[in-house]
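Asks: Okay, here's the prediction I keep looking at, along with the sequence it came from:
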Amino acid sequence: MKRATLDKLQLAARDGQCRLFYLDEAGFCASPPVQRSWSPRGLPHAIEPNLHCRRNVVAALNFADNSFVYAASARTVKGPDIVGFFDTLIRQGDARPTVIVLDNASIHHSIDQDTLDRWFMDHKALLFYLPPYSPELNLIEIVWKHFKYRWRRFLTWTKETIDAELAKLLDGYGTQFQVNFS
């Protein structure tokens, strides 16, 4: 049922009848994900993690024009960060209704009913929750996979370079990097 509703929302977004965003959070570590490695015979595989250099990103994928809006932070993403990001995203809209597709993370459900009502009344904005354990329905998950495993250069970022490298990667969506959802 949710799949059919998403298909209808996508058609409406392509026709310009609404704004459709897929929203999620992701974390980026200074060390890239280890895809392949080796170790001397008889010794277990071991790497030294760089735990002190991480950025968390809240982002929304605009389905109609395949653009990317994000906010990066060195802190853990919490409920007020999500509400602030939603507020900014919704206020940038026009007269069309805005639908934001979300997974069932607890911080997505921490938004009070008065705020949800205000968004609906003032901006015609609705939150559309996906069923549990269905990341295949959230298109931004595909974008995260490409960011982390295909588009990111396989090198370690330092504390001094992580912000610039991450901004270069995220700002490149739509020009240097893009996923075709047709």
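Replies: Nice, I can see it.

Asks: neighbouring strands for the host helix or strand of Asn56, and are they parallel or not?
Replies: Per DSSP states H and E, Asn56 falls inside strand 54-62. Strand partners for strand 54-62, identified by DSSP bridges, are recorded as strand 19-29 (antiparallel), strand 67-73 (antiparallel).

Asks: And for it, what's in contact with it?
Replies: For strand 54-62, contacts defined as CB atoms under 8 Å, 6 or more residues apart in numbering pick out 19-30, 67-77, 81-82, 85, 89, 100, 139-140, 143, 162-163, 166, 170. C-betas here are computed from N, CA, C, even on glycine.

Asks: 6 Å instead?
Replies: If you take CB atoms under 6 Å, 6 or more residues apart in numbering as the criterion, strand 54-62 is touched by 21-23, 25-29, 68-73, 77, 85, 89, 139-140, 143, 166.

Asks: Compute the number of surrounding residues for the closest residue to Ala74 other than its chain neighbours.
Replies: Leaving aside its sequence neighbours, Ala74 sits nearest to Arg55 (CB to CB, 6 or more residues apart in numbering; 6.1 Å). By other CB atoms under 10 Å, the residues close to Arg55 number 20.

Asks: Arg150 now?
Replies: As a burial measure, Arg150 scores 9 neighbours (other CB under 10 Å).

Asks: Next, give phi and psi for it.
Replies: Torsion angles at Arg150 (phi, psi; degrees, to the nearest 10) stand at phi -120, psi -50.

Asks: Please report the distance of it from Val179.
Replies: According to CB to CB, to the nearest Å, Arg150 stands 10 Å off from Val179.

Asks: And the residue nearest to Ala74, how close does it get to Val77?
Replies: Taking CB to CB as the measure, Arg55 falls 10 Å from Val77.

Asks: Identify the residue spatially nearest to Phe68, adjacent ones excluded.
Replies: Using CB to CB, 6+ apart, the closest residue to Phe68 is Tyr173 (4.0 Å).

Asks: Could you give the number of residues near the one you found?
Replies: Neighbour count for Tyr173, taken as other CB under 10 Å: 21.

Asks: ok, it touching Val69?
Replies: No - with contact defined as CB atoms under 6 Å, Tyr173 does not count as touching Val69 (9.7 Å).

Asks: just the angle between the strand or helix carrying Leu9 and strand 54-62, please?
Replies: Using DSSP H and E, Leu9 maps to helix 2-14. Counting by axes from the mean of the first three to the mean of the last three CA atoms, to 10 degrees, helix 2-14 lies at 70 degrees to strand 54-62.
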